[in-house]
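Novice: Build me a structure from this.
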Amino acid sequence: MRRLLPRPLKAPLRWLSGRLPPLWRQSATVRRTARFIRQSEGWSEARLRAHQLARLQEIVRHASAHVPGYRQKFLAHGVDPAAIRSLADLPGLPCLTKDDLRAAPERYVADNIPRERLQLVVSGGTTGTPTGFYHIAGYNDDVARAFRLAMWSRIGYTPASRALDLTASFAPDRLRFAADARTLWVSIGALDPGQFPSIADTIRRFDPEFVIGFPSTATLLAQLLRETPVPALRVRGVITASEVMHEAQRRYIAEGFRCRILEWYGLAEYAGFAAGCESSDAYHFFPQAGTLELLDEADRPVTREGDEGEIVLTGFYNWATPFIRYRTGDRAVLGRGHCEACGRHYPLVERIAGRTQEFLVARTGRLVPGSALNVHSDLFHHVWTYQMRQDTPGEVDLCMVRKPSYAPAQTEVIRREMQAKLGPDMVLRIHFVEAIPRTPRGKHQFIAQTLPRPESGRHPSVEGDHASSSAREAKGARP
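Specialist: Reported below is the predicted structural model:
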């Protein structure tokens, strides 16, 4: 629209826009969705569940009538959409998997939405295999923006806040400024000891109120600021998502910025949203956006506080490609009831435990989750960043980018402590590299492995090999 306006009108319109209340500058969909979230935050649990049931019935009817893939699934499982009378009927619906979408993405597109309104989205492919699906162009992005604003507002963020964004990679620029969004974007590639000093002063003069990033980029910024001779940033909050935050990262961010850290959860699919509240770091899943289930390895509901399961979501705003009982591949630990601190009747998750792929596999088939490798000391204080890589069970390559202050003697200290965490059925090799490759969306993977997805507490790819190896050893043969 702006490109079509005569040049003399653009400046006055920018001036007028800048004087509107922040939320008025958002689209009608953002304003409408944000208003509904505010109005429903104080609803009772019974009223929220009644809303969820009505939306569930609506999305299931839509999928059955207009989405061939769901119609076939429902017929195969004997599902009658009209028979859904309560949320207790939800587990009777078949799950949608990423493999379903990869195998036949067009079968999961609603036939009653004009093609010109469809927007193809491909997830980041953090696990190495991207997944394609469709949103309604403009609409789903705006709904997601409303939920992000609701989450971020819990630590004081508004659309008028100055934000430093560390979530994008672009070239040849290192900095980009979006005046309308009051956001200074820093290319992830510029978060480098060689490039950062040339942009540090610009960041300081921008004086951001909030830092938005991945845990890895926020950590790197905190490290760079500490080692660059510029005054510390006085930010009100650090907002992170997309990666599991490890303890060492939390410590760096907390020490570097001395402010509240808000972790939030979302997917490119927009099937669900969650974040801490004003007083708690537990993830509050928005019941207005959809339903949350946690399933254990036997596909049974996780009901006991502290137990872990896979996040399964049903989204209420996904009309182009519906996500009904969508297996996300993410794992979480169930929290208690609802939050007593804020009073919202939202389902709670104590923490996001990581993606199913964020595990290392021992020679015996034992799974070592990334959270077990958390470092609570200054072990990696003289390392810019590091990554665990694995393509063979029982063998792990620790790749590190060293700081100038790194001393050779530290290698053995790191090897000893990390080997103790990995266990005796793992071989650890250490490599020094110039850089750690990021995903196409600029994310850092703490664990980069190419093994098949584990379905239980042991890994299927080594069960047979380990058993046959043991049998050969029993017979005196060479394995």
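Novice: which residue sits closest to Lys203 in space, ignoring its chain neighbours?
Specialist: Careful, residue 203 is Ile and not Lys. In space, and not counting its chain neighbours, Ile203 is closest to Leu164: 6.4 Å by Cβ to Cβ, 6 or more residues apart in numbering. In short, each C-beta sits where N, CA and C put it, glycine included.
Novice: quick one, phi psi at the one you found?
Specialist: For Leu164, the backbone dihedrals (degrees, to the nearest 10) come out as phi -100, psi 120.
Novice: Contact partners for it?
Specialist: Each residue near Leu164 by Cβ atoms under 8 Å, 6 or more residues apart in numbering is listed here: 183-184, 186, 203, 206, 208, 210-212, 221, 233, 235.
Novice: and what of Trp319?
Specialist: Contacts here follow Cβ under 8 Å, 6+ apart; on that basis Trp319 touches 59, 62, 110, 113, 136.
Novice: give me the low-pLDDT residue ranges for the stretch 101-250 of the chain?
Specialist: In the predicted model, the stretch 101-250 of the chain carries pLDDT under 70 at residues 124-130, 171.
Novice: go again using 50 as the cut-off
Specialist: In the prediction, the stretch 101-250 of the chain carries residues with pLDDT under 50 at positions 125-128.
Novice: quick one, strands of it?
Specialist: Taking DSSP state E, counting those that start in this stretch as the criterion, the stretch 101-250 of the chain carries its strands at 118-122, 132-136, 163-166, 175-178, 183-186, 210-213, 237-240.
Novice: which residues of the stretch 351-479 of the chain fall in helices?
Specialist: Assigned helices in the stretch 351-479 of the chain, in chain order: 409-422, 460-474 (criterion: DSSP state H, counting those that start in this stretch).
Novice: For the longest one, give the mean pLDDT please.
Specialist: Throughout helix 460-474, pLDDT has a mean value of 35.
Novice: One more: the shortest one?
Specialist: Helix 409-422 carries an average pLDDT of 92.
Novice: how about stretch 105-125: buried residues?
Specialist: Residues 105, 108-110, 113, 118, 121, 123 are the ones in stretch 105-125 that count as buried (16 or more other Cβ atoms under 10 Å).
Novice: now, which of those residues lie within helices?
Specialist: In helices, defined here by DSSP state H, there are no members of these.
Novice: Just grab the bridge partners of Cys427 for me.
Specialist: That one is not Cys; residue 427 is Val. Beta bridges link Val427 to Glu395 when assigned by DSSP bridges.
Novice: Near it, how many other residues are there?
Specialist: By the measure other Cβ atoms under 10 Å, the count of residues near Val427 is 14.
Novice: Same question for the one 4 residues further on.
Specialist: Applying the criterion other Cβ under 10 Å, we find 11 residues in the vicinity of His431.
Novice: show me what contacts it?
Specialist: When the contact criterion is Cβ under 8 Å, 6+ apart, the partners of His431 are 397-400.
Novice: One more pass at 10 Å, please.
Specialist: Under the criterion of Cβ atoms under 10 Å, 6 or more residues apart in numbering, the contact partners of His431 comprise 386-387, 389, 397-400.
Novice: what's the pLDDT at it?
Specialist: Spelled out, the predicted local distance difference test score at His431 is 97.
Novice: any idea how far Glu350 is from it?
Specialist: The span separating His431 from Glu350 equals 35 Å under the rule Cβ to Cβ, to the nearest Å.
Novice: do Arg102 as well
Specialist: As it turns out, when the distance is counted by Cβ to Cβ, Arg102 lies 31 Å from Glu350.
Novice: So for those two, which residue has more residues nearby?
Specialist: Glu350 (17 against 13).
Novice: Specify the local secondary structure of that one.
Specialist: At Glu350 the chain is in strand, as set by DSSP: H, G, I helix; E, B strand; the rest coil.
Novice: Doesn't Tyr346 belong to a strand?
Specialist: No - Tyr346 is assigned coil when assessed by three-state DSSP, not a strand.
Novice: Against Met151, how distant is it?
Specialist: In this structure, Tyr346 lies at 11 Å from Met151, with Cβ to Cβ as the measure.
Novice: next one: Thr303
Specialist: Remark: distance between Thr303 and Met151 (Cβ to Cβ) = 26 Å.
Novice: Looking at the two, which one has more neighbours?
Specialist: The neighbour count for Thr303 versus Met151, taken as other Cβ under 10 Å, is higher for Met151 (26 against 10).
Novice: wait, isn't Gln390 in contact with Gln445?
Specialist: No - Gln390 is not in contact with Gln445 according to Cβ atoms under 10 Å; the separation is 11.3 Å.
Novice: which of those two has more neighbours?
Specialist: The neighbour comparison of Gln390 against Gln445 (other Cβ under 10 Å) goes to Gln445, with 22 against 19.
Novice: biggest helix in the protein, by residue count?
Specialist: Assignment by DSSP H gives helix 45-66 as the longest helix of the chain.
Novice: what's that one packed up against?
Specialist: Here helix 45-66 is seen to pack against helix 28-40, helix 68-76, strand 290-295, strand 308-315 when contacts are counted using 3 or more Cβ pairs under 10 Å, 6 or more residues apart in numbering; DSSP states H and E.
Novice: Could you say which of these is packed most deeply?
Specialist: Of all the helices and strands packed on helix 45-66, strand 308-315 has the most neighbours on average by mean count of other Cβ atoms under 10 Å, namely a mean of 24.
Novice: Parallel or antiparallel, which strands does that one pair with?
Specialist: Sheet pairing for strand 308-315, assigned by DSSP bridges, gives strand 290-295 (antiparallel), strand 326-334 (antiparallel).
Novice: Point out the one among these that comes closest to Gln72.
Specialist: Counting by Cβ to Cβ, Gln72 lies closest to strand 326-334 out of the strands paired with strand 308-315; the figure is 16.7 Å.
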